[in-house]
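K.L.:
When you get a sec, could you give me coordinates for this:
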Amino acid sequence: MKIPLLFSALVLSITLPGTAETQYLVPGDNMTLDGIPPIPLAIADVAGRYGQYRSARFAQWHPERLEMLVRTRFGNTAQVHRVAAAGAFREQQTFFDEPVGSLSAYAANGPKGDFFTFVRDVGGGEFYQLYRHDVATGQSTLLTDGTKRHSGGVLEEKSGLLAYTRRDADEEGAFTQIRVIDPRSPQSDRLVTTLRGGGWRPTDWSPDARSILLIEYISINDSRVWLMDAETGAVRRLLPSREGVPAAHGRAIFSKNGKGFFVTSDVDSEFRKLMYVDLNTLERSVLSADIDWDVRSFDLSQDGQWLAYSMNEVGISTLYLHDIAAKQTTRVESLPVGVVGSLHWHNDNEHLAFSLSNSSVPGDVFVLNVSSGEIVRWTHSETGGVDTTLVAEPELIKWQSFDGREISAFFYKPADKFKGKRPVVVNIHGGPEGQSRPGYKGRWNYFLNELGVAIIYPNVRGSAGFGKTFLKLDNGMLRDGTYKDIGTLLDWIATRDDLDAERIMIRGGSYGGHMALAIATRYSDRIACSINRYGLSNLRTFLENTQGYRRDLRRAEYGDERDPAIREWMDRTAPMTLVQDIRKPMLVQQGANDPRVPKSESDQIVASLKEVGTPTWYLVFADEGHGFAKKGNADFAFYTVVMFANACLFD
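P.N.:
Below you'll find the model as predicted:
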């Protein structure tokens, strides 16, 4: 059957003898369900409201006017919208069946703001193509080859040239092309240089447009800063490791005089600091506040006076302004409590935009006026009628793991109307170097408000945000420690009078899905069920089958499967090998086009679970990749989660 754009399921009425008519959702023809019973419409009627929220993410300022582009969803996918003023109507600019990805700046040469560039893929495959969108006509023009994977790039504001990447792999491994194009003239596209590795990206043009700063990502603990000649492609490394100790570097931006650059780095520190580096001497000067937490994002005002940066302090964002000339740093006290996204200065050097999410804000754009200190909310995203004031703020909990190390999590208690010992969902982040932070929980508010289920979001060893030593604790064959961290969390749950240790569901996506699988093998007798969303069922087969441009990047985290010792360890400890120990029901969800964790990882664990007789539900979306970007699919996936939880936590 053909499903309308905004719907992934229809309603089917079934009348059984001697019963009243029952209505069920009919899956769309883009879905494959294996072992999943019909979903009653009654579930969608209530749970569906919790999926009706929107969010708005800042994309770009207009180069002249005080207006912006944001990405938000009015239909089934996120598209580009124009917001002409604070609180103004969101005017949709792009209209695609597929979601629009990252945007580059509005064009700055010629007529100001007459086009912007963006990337978009098909079906979640992540083979992003670069497009130019002409504002006057509403037409989008393909700028890239239509097949390889591309980035959105960075714009040189005077010439309008865009530096971007094209990634691929051959028999020698991954490689990255650095390319330059004038988006107004697609035939101007040219190759600047080809670099080995899949982790290269341009971050800024020099003021004279002769050089480009590049970041080479090796691993979460090792990333390098290079300077590239924009004409010849010659590169030189700017920040060699000290005594061979790797350091992690984030975004890099030239100073306005071109004599140096600003960068985040954890060199000589547990945490990422904001630094200025002199290009001649390579001397570093720390500019950020003397606080032992990571600088997450920063931006430089167009006149070079202000550096704005946000810090991640135990998951909560703080915002700072650094006056470069005066060498003074001020904390912005008016910032709402929450999680801040990227920072972006307007060309007027006065307005700073950022996205923010918290328990009651699903993700909206705010603007700080540095002259007045006032923060104004520019977008007001809907929450589907859900009263977010009923959602309690999370509690930061901590416990000692097996080796005495302190592990933390955000603990969301269910609504006060629910009494007695409550079921628990342990929701594990991906990455593996991700971090659970207290942003808006969207559909999961249904579990808190309607089912009375507590939710815990742990940050096990290897999570970002707690220093580089903590970040390395799960690398390679140390990974077993992360599983034990969850084991000690189960111990903590058992000590609580308000939580039911007999009703625990483990859930995770991507690496979090691998964690769900691993916990299900090791602690099957202590959980009720688990949900694995596109998780790694064997690190070896994952590395062999993931996209070539990603393979070396992941080997740095998991180990190199070509090493016999590593290979033996991966096979011996894999959930696939230990599948007979998974004795509790499992729900598996997967996008068929996933380039990161290929569908074969889910296929093989599902087949093995069936062989050993473990109750298994399997849901596959033909038009999704790594995560479910289309609202109709995300809704249906959540309805299966609700029905699965009802079966294993309440029946």
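K.L.:
I figured residue 295 hits residue 309, correct?
P.N.:
Yes - under the criterion of CB atoms under 8 Å, residue 295 makes contact with residue 309 at 5.1 Å. C-beta coordinates here come from the backbone N, C-alpha and C atoms, glycine included.
K.L.:
Surely residue 147 is in contact with residue 127?
P.N.:
Yes - the criterion here is CB under 8 Å, and residue 147 meets it with residue 127 at 6.7 Å.
K.L.:
quick one on the thing from earlier: now the common contact residues for residue 295 and residue 309.
P.N.:
Overlap between the neighbourhoods of residue 295 and residue 309 consists of 274, 288, taking contacts as CB atoms under 8 Å, 6 or more residues apart in numbering.
K.L.:
tell me which residues in stretch 230-244 are buried?
P.N.:
Along stretch 230-244, these residues count as buried under the neighbour rule (16 or more other CB atoms under 10 Å): 230, 233, 235, 238-239.
K.L.:
Can you give me the end-to-end span of that stretch?
P.N.:
Between the opening and closing residues of stretch 230-244 there is a gap of 29 Å (CA to CA, to the nearest Å).
K.L.:
And stretch 216-233, by the same measure?
P.N.:
The first-to-last residue distance of stretch 216-233 comes to 15 Å (CA to CA).
K.L.:
Start from the N-terminal end of the stretch 501-650 of the chain and give the strands.
P.N.:
Counting by DSSP state E, counting those that start in this stretch, residue ranges of the strands within the stretch 501-650 of the chain are 529-533, 586-591, 616-621.
K.L.:
who's in contact with the last one?
P.N.:
The reference is to strand 616-621. Counting by CB under 8 Å, 6+ apart, the neighbours of strand 616-621 from elsewhere in the structure are 30-36, 585-592, 599, 602, 606, 609-610, 628, 630, 633, 636-637, 640, 644.
K.L.:
Separate out the buried members of those.
P.N.:
By the neighbour-count criterion of 16+ other CB under 10 Å, the contacts of strand 616-621 include these buried positions: 30-31, 36, 585-592, 599, 602, 606, 609, 628, 630, 633, 636-637, 640, 644.
K.L.:
can you map out the helices along the stretch 351-500 of the chain?
P.N.:
Remark: helices assigned in the stretch 351-500 of the chain by DSSP state H, counting those that start in this stretch are 445-446, 468-471, 480-494.
K.L.:
same question but for the stretch 1-150 of the chain, I mixed them up
P.N.:
Using DSSP H, counting those that start in this stretch, the helices assigned to the stretch 1-150 of the chain run over residues 41-47.
K.L.:
Tell me where the model's unsure across it.
P.N.:
Residues of the stretch 1-150 of the chain meeting the criterion pLDDT under 70: 1-21, 107-111.
K.L.:
swap the cut-off to 50 and go again
P.N.:
The stretch 1-150 of the chain contains residues with pLDDT under 50 at 1-8, 10-19.
K.L.:
cool, the chain as well?
P.N.:
Along the chain, segments meeting pLDDT under 50 span 1-8, 10-19.
K.L.:
so residue 308 bridges to which residues?
P.N.:
Judged by DSSP bridges, the bridge partners of residue 308 are residue 299, residue 321.
K.L.:
Could you check how far it is from residue 102?
P.N.:
Distance of residue 308 to residue 102, given as CB to CB, to the nearest Å: 20 Å.
K.L.:
out of those two, which sits in the more crowded spot?
P.N.:
More neighbours surround residue 308 than the other of residue 308 and residue 102, with 21 against 16 (other CB atoms under 10 Å).
K.L.:
tell me the contacts of that one?
P.N.:
Each residue near residue 308 by CB under 8 Å, 6+ apart is listed here: 298-299, 301, 319-322, 343, 345, 352, 368.
K.L.:
Out of these, which comes closest to residue 71?
P.N.:
Closest approach between those and residue 71, by CB to CB: residue 343, at 16.4 Å.
K.L.:
What is the neighbour count of the closest residue to the closest one other than its chain neighbours?
P.N.:
For residue 343, ignoring the flanking residues on the chain, the nearest one in space by CB to CB, 6 or more residues apart in numbering is residue 299 at 4.4 Å. Residue 299: 20 surrounding residues under other CB under 10 Å.
K.L.:
Quick check: the gap between residue 299 and residue 58.
P.N.:
11 Å.
K.L.:
overlap in contacts of those two?
P.N.:
By CB under 8 Å, 6+ apart, residue 299 and residue 58 have these common neighbours: 342, 344.
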